[in-house]
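Undergrad: my questions are about this predicted structure, shown below with the sequence.
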Amino acid sequence: MTTDLTPAGKKVYDAIKKLGATSPNALKTADDVMRAAGLPKGMTNNALMELVAKGYAKRVAREKAAGYYVTK
């Protein structure tokens, strides 16, 4: 299913799922995902953008930090 993702994208996708961010009510910030994936911030942000662009995750703009959750 996630075969079209980069290794970092796959790692971040798995981290979001592991954190339980699977709906708009269970958003996780990029920092949460970064810690769970064990990747540098820049790499995590690029991977999050990749997931959003390919439809694997959604980004929800909020007052402080944007939140993310997986859609597939």
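TA: Thanks, I have it.

Undergrad: the chain: strands as residue ranges?
TA: 28-29, 57-60, 67-70 (DSSP state E).

Undergrad: other SSEs contacting the second one?
TA: Read it as strand 57-60. Here strand 57-60 touches helix 41-53, strand 67-70, going by 3 or more Cβ pairs under 8 Å, 6 or more residues apart in numbering; DSSP states H and E. C-beta coordinates here come from the backbone N, C-alpha and C atoms, glycine included.

Undergrad: grab the nearest non-local neighbour of Pro40.
TA: Met34 (7.6 Å; Cβ to Cβ, 6 or more residues apart in numbering).

Undergrad: what's the burial count for Lys11?
TA: 19 (other Cβ atoms under 10 Å).

Undergrad: distance of it relative to Gly55?
TA: Separation of Lys11 from Gly55 (Cβ to Cβ, to the nearest Å) stands at 18 Å.

Undergrad: could you do Leu5 as well?
TA: 11 Å.

Undergrad: who has more neighbours, these two?
TA: The neighbour count for Leu5 versus Gly55, taken as other Cβ under 10 Å, is higher for Leu5 (18 against 9).

Undergrad: so which of the strands of the chain is the most surrounded?
TA: strand 67-70 (a mean of 21; mean count of other Cβ atoms under 10 Å).

Undergrad: name the helices or strands packed onto that one?
TA: helix 7-18, strand 28-29, helix 41-53, strand 57-60.

Undergrad: that strand pairs with which strands?
TA: strand 28-29 (antiparallel), strand 57-60 (antiparallel) (DSSP bridges).

Undergrad: how about residues contacting the first one?
TA: Which is strand 28-29. Ile16, Leu19, Ala21, Ala36, Ala65, Ala66, Gly67, Tyr68, Tyr69 (Cβ atoms under 8 Å, 6 or more residues apart in numbering).

Undergrad: lowest-confidence entry in these?
TA: On pLDDT alone, Ala65 ranks lowest of the contacts of strand 28-29, at 94.

Undergrad: and stretch 31-46, what's buried?
TA: Asp32, Val33, Met34, Ala36, Ala37, Leu39, Met43, Thr44, Asn46 (16 or more other Cβ atoms under 10 Å).

Undergrad: dump the residue contacts of the fourth one.
TA: In other words, Ala36. Per Cβ under 8 Å, 6+ apart, neighbours of Ala36: Ala15, Ile16, Lys18, Leu19, Lys28.
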